[in-house]
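1. got a predicted structure here, sequence first:
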Amino acid sequence: VSGGEDEIQQLQKALLDYLDENTETDASLVFSRKFYIAQWFRDTTMETEKAIKSQKDEDSSEGAHHAKDVETTGQIMHRAESRKKFLRSIIKTAPSQFSTLKLNSDTVDYEDACLIVRYLASMRPFAQSFDIYLTQ
């Protein structure tokens, strides 16, 4: 995985598919699935708000720099909307129908699901700044 938006969405979808496939054996996976969807939606909103706020703070510095900020803000908003659209489509899909929307024909096993969870967790801000907290 190269870390692009498309790859992250594929991993998220694969993880949600794994959770959906195993809900018959463990009912708590339904709640895990809902939690992940809600958390990713919240993360998208928070990242967008932070990026726009930081650009507004830089906005007052230069006029020529402002044109680049507007373009970047548009890109940030477009990226956030595409993420939210993806998550909304998953929310609207009934869990039983979710397995028909798989991107890959390969099924994800438990070890792969654990690896996906670790990777997606490493992308979260706290995990990325943990070394800073530890050195302080």
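-> Good, I have the coordinates. Numbering: from 1, shown residues only.

2. drop to CA atoms for contacts and neighbour counts, all remaining ones
-> OK.

3. Q12: neighbouring residues, count only.
-> By the criterion of other Cα atoms under 10 Å, Q12 has 20 neighbours.

4. just the element for it, please.
-> Using DSSP states H and E, Q12 falls within helix 5-21.

5. dump the residue contacts of the residue nearest the centre of the chain.
-> Residue closest to the average C-alpha location in the chain (Cα atoms, centre = their mean): W40, at 4.5 Å. Residues near W40 by Cα atoms under 8 Å, 6 or more residues apart in numbering: L87.

6. ok, Q12 next?
-> Contacts for Q12 (Cα under 8 Å, 6+ apart) come out as I116.

7. show me the biggest helix of the protein in terms of residues.
-> Across the chain, the longest stretch assigned as helix under DSSP state H is helix 28-59.

8. buried ones in that one?
-> Neighbour counts over helix 28-59 (16 or more other Cα atoms under 10 Å) mark L29, V30, R33, I37, W40, F41, T44, T45, T48, I52, Q55, D59 as buried.
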